[in-house]
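Peer 1: Give me the fold of what follows.
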Amino acid sequence: MNRNEFLAALGISSASVILTTCLGCSKSSGGISPSDPPRNIDFTLDLTASANAALLTNGGYLTSNGVIVAKTSAGAYIAVQQSCTHESYPLNYQASSHQFYCNNHGATFSEDGSLSNGPASRSLTVYKTQLTGTSLRIYA
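Peer 2: Residues are numbered from 1 along each chain as shown. From the prediction side, this is the model:
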């Protein structure tokens, strides 16, 4: 193999590796993007566990299984997807403003998951909650 053949083979190999990597990371590759909400959600939080203590206080929240679970100022439990629908950054719950907030680009969502301020263009996926004694079930 001469020098030109070697360089051509090296270039084709490098290009194929780069192309494969780029296609694998593309949001339009047909797979689930990080901003897609988790599916088949069904889990239970034990409110007596120290890891879930934030949910004992109005305005407290935690994240679990790709979901933000919060206790509103009024004492109701709510659950939405954890990531912003704009670019998949994690959301925070702001009880005093009754909203979910993305620190990255400033998108806001109401407690019912609806979009209140962009740059996101769609609402959050909302999950059902059911309190039975000290067990809080979150499910789709």
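Peer 1: could you pull out the helices for the chain?
Peer 2: 3-25 (DSSP state H).
Peer 1: Determine the longest strand present in it.
Peer 2: strand 126-132 (DSSP state E).
Peer 1: And the contacts of that strand?
Peer 2: Residues outside strand 126-132 that contact it (C-beta atoms under 8 Å, 6 or more residues apart in numbering): 41, 67, 69, 77-81, 112-113, 136-140. Quick note: C-beta positions are derived from backbone N, CA and C, even for glycine.
Peer 1: Count the neighbours of D42 for me.
Peer 2: Neighbours of D42 under the rule other C-beta atoms under 10 Å: 11.
Peer 1: so what's it up against?
Peer 2: Counted by C-beta under 8 Å, 6+ apart, D42 has contacts R137, I138, Y139, A140.
Peer 1: For those residues, which entry has the maximal number of neighbours?
Peer 2: Tallying neighbours with other C-beta under 10 Å puts I138 at the head of the contacts of D42, with 20 neighbours.
Peer 1: List the buried residues in the longest strand of the chain.
Peer 2: V126, Y127, T129 (16 or more other C-beta atoms under 10 Å).
Peer 1: Bridging across strands, which residues link to the first one?
Peer 2: With DSSP bridges as the criterion, the beta-bridge partners of V126 are V80.
Peer 1: Which parts of the protein are strands?
Peer 2: 42-46, 61-64, 67-71, 77-81, 91-94, 99-102, 108-110, 115-117, 126-132, 135-139.
Peer 1: Which of those strands sits closest to A54?
Peer 2: strand 61-64 (4.8 Å; C-beta to C-beta).
Peer 1: what's the offset of that closest one from the middle of its chain?
Peer 2: Computed by C-alpha atoms, centre = their mean, to the nearest Å, the chain-centroid distance of strand 61-64 equals 11 Å.
Peer 1: can you start the count at 554 instead of 1 from here on
Peer 2: New numbering, starting at 554: the last item is strand 614-617.
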